[in-house]
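Enquirer: Next come a sequence and a model predicted from it.
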Amino acid sequence: MVPRMRTAGTTGIVAGVALAIGFILFITSGLTFEAFADPGQGLNFATTNGGRLRLMTAFFITAVAFAAVFLAGLAAKLRDKTPTRATATLYLGLLGLAGHGLGALIFWAAIPAVAARAATDQVAASHAWVAVVAMDNAADGFGTLFIALSTLMAGWAVITSKALSAALGWYGVLLGIV
């Protein structure tokens, strides 16, 4: 199967827009990474803003789903001239998206459960919050590592194959390293 490039490009744009909306929802929510990691502050925020957090998470899950189709199109574009790097781009990217998707789904499922527990047992809810944050961070860390490797491979493939602009390839390599 070979995806159409226009469709794959469109799904990349949709993924980017969904990611941007999720990020804007996070930034404008008032929740900081420090507050998120603190059980008291994070739990308080989750109980008062659970709907917003789930909406934000839904956008992140949408971005992951559409990014998978984009990755398939990118790998197909690179496959003829750099088959190994194109395959690495696809599989490393899919592993990364699986990590980010798992992190988002952990958060999606945990928010209502932990918020409900907070109403009856604050101590148990605080401990659960710490566990949820740890699992989310682990899944997202896995996702970030493999997305970076995929981006590095894609940039390298673009530079050597000249399938896309060299500037884009160097940007991918730089972004993958960072």
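Expert: That came through, no problem. Predicted model, so just to flag it, every value in this text is computed and none were measured.

Enquirer: need the longest helix for this structure.
Expert: In the chain, taking DSSP state H as the definition, the longest helix is helix 122-161.

Enquirer: in it, what's buried?
Expert: 125-126, 128-129, 132-133, 136, 139-140, 142-143, 146-159, 161 (16 or more other C-beta atoms under 10 Å). For every residue, glycine as well, the C-beta is placed using N, CA and C.

Enquirer: I'd like the distance between the residue positioned nearest the centre of the chain and residue 23.
Expert: In the chain, the centroid-proximal residue (C-alpha atoms, centre = their mean) is residue 100; its distance is 4.1 Å. Distance, residue 100 to residue 23, using C-beta to C-beta, to the nearest Å: 13 Å.

Enquirer: Name the residues contacting each of those two.
Expert: Between them, residue 100 and residue 23 share no contacting residue under C-beta atoms under 8 Å, 6 or more residues apart in numbering.

Enquirer: List the contacts of the residue lying closest to residue 119 once chain neighbours are set aside.
Expert: Once flanking residues are discounted, residue 119 sits nearest to residue 47: 7.6 Å by C-beta to C-beta, 6 or more residues apart in numbering. Taking C-beta under 8 Å, 6+ apart, we find residue 47 in contact with 115, 118-119.

Enquirer: and what of residue 13?
Expert: No contacts exist for residue 13 under C-beta under 8 Å, 6+ apart.

Enquirer: okay, the residue nearest to the centre of the chain: pLDDT?
Expert: Reported pLDDT at residue 100 in the predicted model: 94.

Enquirer: Adjust the sequence numbering to begin at 464 for everything that follows.
Expert: Okay, residue one is now 464; in that scheme the one you just asked about reads as residue 563.

Enquirer: Please list all residues in contact with the residue lying farthest from the centre of the chain.
Expert: Note on the chain: the largest C-alpha distance from the chain mean falls to residue 583, namely 32.6 Å (C-alpha atoms, centre = their mean). Applying C-beta under 8 Å, 6+ apart to residue 583 gives no contacts.

Enquirer: go on, residue 515?
Expert: 488, 492 are the contacts of residue 515 under C-beta under 8 Å, 6+ apart.

Enquirer: Please tell me how far it sits from residue 477.
Expert: 22 Å.

Enquirer: and what of residue 533?
Expert: Distance, residue 533 to residue 477, using C-beta to C-beta: 9 Å.

Enquirer: And for residue 487, the neighbour number?
Expert: Residue 487 has 12 neighbours, counted by other C-beta atoms under 10 Å.

Enquirer: Does it lie in a helix or a strand, and which?
Expert: Taking DSSP states H and E as the definition, residue 487 sits inside helix 468-492.

Enquirer: Done for today, thanks.
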